[in-house]
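Peer 1: missing the sequence, but the structure's below:
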């Protein structure tokens, strides 16, 4: 992916030589200078340190303490707040123009989208909403996803229009319905109930899940955590209460006689376990249930990033006759895991006949480029603007 001319990249760490000379400098330096240093992994809710940098730090000695995950997440959240306060209206507009410009590379527009998501606020909602006139179903799907995760009620009107547009692609309408449920405003309950019987199965099932989630919130369930420290995403269903074994959760996940909401609860509980056993149980879900269910399994596996699931994800991406909705999510997950075998599969499908799969592979490969680079954050549109225009 081409970089903006003159762009600079902020790294969490200084060079090894600088760290050895000033043991405590890396943490203080980042706190003071990297208002943009918050990695927003594409479609990931968990900002984490890059694996290669983490391994390199652990090999070093005498360079100060390495912050643990809790401390890092706190810093990243504070960094997001500072960045939103620092972004000028002109900078917000500049990032928004990148997002809605069809002449820009899709990978660049995705980075702009997640920059706006991280900045938040009414202006970000306005710019993201303008993107629904694009002809890329993948981009519109991600626009709806981001609006749902932002949980800003100002997005309800545009999401409603997308859901109601029966000419829109199913995966876009589905994501609009899920986003309406994620925002958590009970005023959309009747709208969602209306679409629970939509002729498009993916839309109907999504709205059924969204209704169940809002009813769960109404009953006082909103105080439960969705995944502790590891995940901060707004999920379509909460995890089940503790006390069930991984085997029991796997059985519930794969039981097609259970309500979809209950299977989703088992799904997110398995995700939160984080073990290889839980990851493989989830991977089994890629061969059962509806396309919506399998697509959500792919999303969750991308959050987990467990290497044991690569064979199942590759099989889903390559499976003849599989829904494009599922294949695109498998591609995203492979990009998140980022191993060599993932790269091979994504390259093979970069010219796929299904546009949404093709574009998903392009963006996933950009994510892999990011993973293997020295860049700290993926959502870097504001940082690039600052780098190319130091006075801006």
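Peer 2: Structure's in. What do you need? Given the structure is predicted, the values throughout are model-derived calculations rather than measurements.

Peer 1: in the stretch 151-300 of the chain, which spans are helices?
Peer 2: In the stretch 151-300 of the chain, the helices defined using DSSP state H, counting those that start in this stretch lie at 156-164, 170-183, 189-194, 201-218, 246-254, 260-273, 276-284, 291-304.

Peer 1: of those, flag the one that's most buried.
Peer 2: Counting by mean count of other C-beta atoms under 10 Å, helix 170-183 has the highest mean neighbour count of these, with a mean of 27. (C-beta placed from N, C-alpha, C; glycine too.)

Peer 1: and that helix with helix 291-304, angle?
Peer 2: Per axes from the mean of the first three to the mean of the last three C-alpha atoms, to 10 degrees, the angle that helix 170-183 makes with helix 291-304 is 60 degrees.

Peer 1: packing partners for helix 170-183?
Peer 2: helix 137-150, helix 156-164, helix 189-194, helix 201-218, helix 324-337 (3 or more C-beta pairs under 8 Å, 6 or more residues apart in numbering; DSSP states H and E).

Peer 1: among those, which comes closest to residue 361?
Peer 2: Closest of those to residue 361 is helix 324-337, at 5.0 Å (criterion: C-beta to C-beta).

Peer 1: which elements pack onto the very next helix or strand once past the closest one?
Peer 2: Once the chain leaves helix 324-337, the next helix or strand it forms, by DSSP states H and E, is helix 340-348. Secondary structure elements in contact with helix 340-348, counted by 3+ C-beta pairs under 8 Å, 6+ apart, are helix 310-318, helix 324-337, helix 355-371.

Peer 1: hmm, back to that, now the helices and strands packed on helix 170-183 in JSON lines, with distance to residue 355?
Peer 2: Putting the helices and strands packed on helix 170-183 into JSON lines (distance: least, C-beta to C-beta, whole Å) gives the following:
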{"stretch": "helix 137-150", "distance to residue 355": "7"}
{"stretch": "helix 156-164", "distance to residue 355": "19"}
{"stretch": "helix 189-194", "distance to residue 355": "28"}
{"stretch": "helix 201-218", "distance to residue 355": "17"}
{"stretch": "helix 324-337", "distance to residue 355": "8"}
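
Peer 1: any chance of these in a markdown table with mean pLDDT and distance to residue 175 as columns?
Peer 2: Formatted as a markdown table, the helices and strands packed on helix 170-183 follow (pLDDT from 0 to 100; distance: least, C-beta to C-beta, whole Å):
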| stretch | mean pLDDT | distance to residue 175 |
| --- | --- | --- |
| helix 137-150 | 98 | 4 |
| helix 156-164 | 98 | 8 |
| helix 189-194 | 98 | 14 |
| helix 201-218 | 97 | 8 |
| helix 324-337 | 96 | 10 |
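
Peer 1: show me the domain layout of the chain.
Peer 2: By the assignment in automatic domain parsing, the chain contains the domains 107-219, 243-372.

Peer 1: distance to residue 100 added to these, as a markdown table?
Peer 2: Output for those, formatted as a markdown table (distance: least, C-beta to C-beta, whole Å):
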| stretch | distance to residue 100 |
| --- | --- |
| domain 107-219 | 5 |
| domain 243-372 | 17 |
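
Peer 1: out of these, which is closest to residue 232?
Peer 2: Comparing these by C-beta to C-beta, domain 107-219 comes nearest, at 9.1 Å.

Peer 1: from the chain's centroid, how far away is that closest one?
Peer 2: Offset of domain 107-219 from its chain centre (C-alpha atoms, centre = their mean, to the nearest Å): 14 Å.

Peer 1: ok so, going back, and the helices of the stretch 151-300 of the chain as TSV, adding distance to residue 321?
Peer 2: Formatted as TSV, the helices of the stretch 151-300 of the chain follow (distance: least, C-beta to C-beta, whole Å):
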stretch	distance to residue 321
helix 156-164	28
helix 170-183	17
helix 189-194	30
helix 201-218	16
helix 246-254	21
helix 260-273	22
helix 276-284	19
helix 291-304	11
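
Peer 1: closest one to residue 140 among these?
Peer 2: When these are compared by C-beta to C-beta, helix 170-183 sits nearest residue 140, at 4.5 Å.

Peer 1: between the closest one and helix 324-337, how many degrees?
Peer 2: 60 degrees.

Peer 1: closest to residue 88 out of the domains of the chain?
Peer 2: Closest to residue 88 of those is domain 107-219 (C-beta to C-beta; 10.7 Å).

Peer 1: can you give me the end-to-end span of that closest one?
Peer 2: With C-alpha to C-alpha, to the nearest Å as the measure, domain 107-219 spans 41 Å from end to end.

Peer 1: flag the shaky bits of this protein, pLDDT-wise.
Peer 2: 1-86, 223-229, 371-392 (pLDDT under 70).

Peer 1: gap between residue 255 and residue 325?
Peer 2: Applying C-beta to C-beta, to the nearest Å, the value for residue 255 to residue 325 is 22 Å.
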